[in-house]
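K.L.:
this is a predicted model, with the sequence first.
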Amino acid sequence: MKVDLNELAAAMAQSDVRQGYVDIARGKVILMQDDMGEEDALNHAFDIEEDWEHYLPLPNVIDECEHEMMQAFAASREREDVRERLEDILAGAGAAARFHRQVRHLLLQPAWEAYKRAYLREVARDWCEENHIAYEADEAAKQGETKKF
């Protein structure tokens, strides 16, 4: 079975707040839900534990890559003043919050979201290849990607 690369990238976008897995036998991406009751969450965990060889946990991509992703986005800006402004705010504590405020202020939110989606698709593709997991990619999404990372 093949994993849907878009679904995997979307799960990785939430990896800092939700644990996710790939069911390698069925090619399904599974996310722990916020609204799961304690009993449901325990049953879900037991199901995974009983059949652990079919589940591969997703890495916490956001905590691992967010700063690098923001730096790459800043460096990809064509206008020098915008690029420098974004690069300057990425130093020190609170950089992520400052970055997101600046992105909104500079009206770059759609560009940032598109960049982040493409970046996470690339991370998802690399992760699948590293773990020998077959994947399928939406052709329209593949054509819209640019490798600036």
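P.N.:
Ah, there it is. Numbers count the residues shown, from 1 in each chain.

K.L.:
how about residues contacting stretch 127-137?
P.N.:
1-6, 8, 12, 22, 24, 27, 56, 58-59, 121, 124-125 (CB atoms under 8 Å, 6 or more residues apart in numbering). No exception for glycine: its C-beta is placed from N, CA and C like everyone else's.

K.L.:
can you rerun that using 10 Å?
P.N.:
With contacts defined as CB atoms under 10 Å, 6 or more residues apart in numbering, stretch 127-137 is touched by 1-9, 12, 22, 24, 27, 56, 58-59, 61, 121, 124-125, 145.

K.L.:
just the buried ones from the residues you listed?
P.N.:
For those, a burial check counting by 16 or more other CB atoms under 10 Å picks out 3-9, 12, 22, 24, 27, 56, 58, 61, 121, 124-125.

K.L.:
and Leu108, what does it touch?
P.N.:
The contact partners of Leu108, by CB under 10 Å, 6+ apart, come to Phe73, Ala74, Arg77, Val82, Leu86, Gln102, Tyr115.

K.L.:
these two touch, right, the fourth one and Leu106?
P.N.:
So the one you mean is Val82. Yes. When contacts are counted by CB atoms under 10 Å, Val82 is listed as touching Leu106 (6.1 Å).

K.L.:
ok so, going back, buried members of the contacts of Leu108 into PyMOL, please.
P.N.:
To isolate the buried ones among the contacts of Leu108 in PyMOL, judged by 16+ other CB under 10 Å, type:
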select buried, resi 73+74+77+86+102+115
